[in-house]
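K.L.:
A structural model of the following input is requested.
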Amino acid sequence: MYQSAASEAVRVQIQECLGVPLVVYTRQGQSIETGLTYQTTESDEVEDLAAGIRQAQTVHAFDAVCCGALLSTYQRVRVEHVCDRLQLISMAPLWRRAPQAELLTQM
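P.N.:
Now for the predicted structure:
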């Protein structure tokens with residue numbers, strides 16, 4: 001569920017360009033619950049997402065999380081699940097907005 005390609009570049013961009021501290025949480029769990037629905041499962045990577053967001057809440061004030069999922073029900077459902085538990089709004093503005101090639105062209 002997580003991608004770390006170019007994460008160092010993102011870290012610099014967030015901290016230097018936006019002027020806000022980046023919260024880094026190292027994933028401990030693995031993908032255990034692999035179905036299209038998600039039930040809270042100890043040691044699943046989704047619980048790391050929840051812990052990372054809780055950690056970010058100690059540094060930043062926010063009431064929503066934005067998910068970049070385009071077509072992945074797997075990702076969107078897990079972000080929504082964590083947001084529901086933490087009483088946050090889950091946003092997925094690109095979710096099935098257009099075919100991937102069209103979205104890439106638009107961006």
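
K.L.:
what does the biggest helix by length in the chain contact?
P.N.:
Counting by DSSP state H, the longest helix found in the chain is helix 45-59. Contact partners of helix 45-59, identified using C-beta atoms under 8 Å, 6 or more residues apart in numbering, comprise 1-2, 21, 23, 25-33, 38, 40-41, 62, 65, 78-79, 81-82, 85-86, 88. Every residue, glycine included, has its C-beta placed from N, CA and C.

K.L.:
Enumerate the positions of it that are buried.
P.N.:
45, 46, 47, 48, 49, 50, 51, 52, 53, 56 (16 or more other C-beta atoms under 10 Å).

K.L.:
What ranges in the chain fall below the confidence cut-off?
P.N.:
Within the chain, the stretches with pLDDT under 70 are 1, 3-6.

K.L.:
any idea which residue sits dead centre in it?
P.N.:
residue 67 (5.3 Å; C-alpha atoms, centre = their mean).

K.L.:
Please name the residues that touch that one.
P.N.:
Taking C-beta under 8 Å, 6+ apart, one finds 75, 76, 79, 80, 90, 91, 92, 95 in contact with residue 67.

K.L.:
Spell out which helix or strand contains residue 90, please.
P.N.:
Take DSSP states H and E as the rule and residue 90 turns out to sit in strand 89-91.
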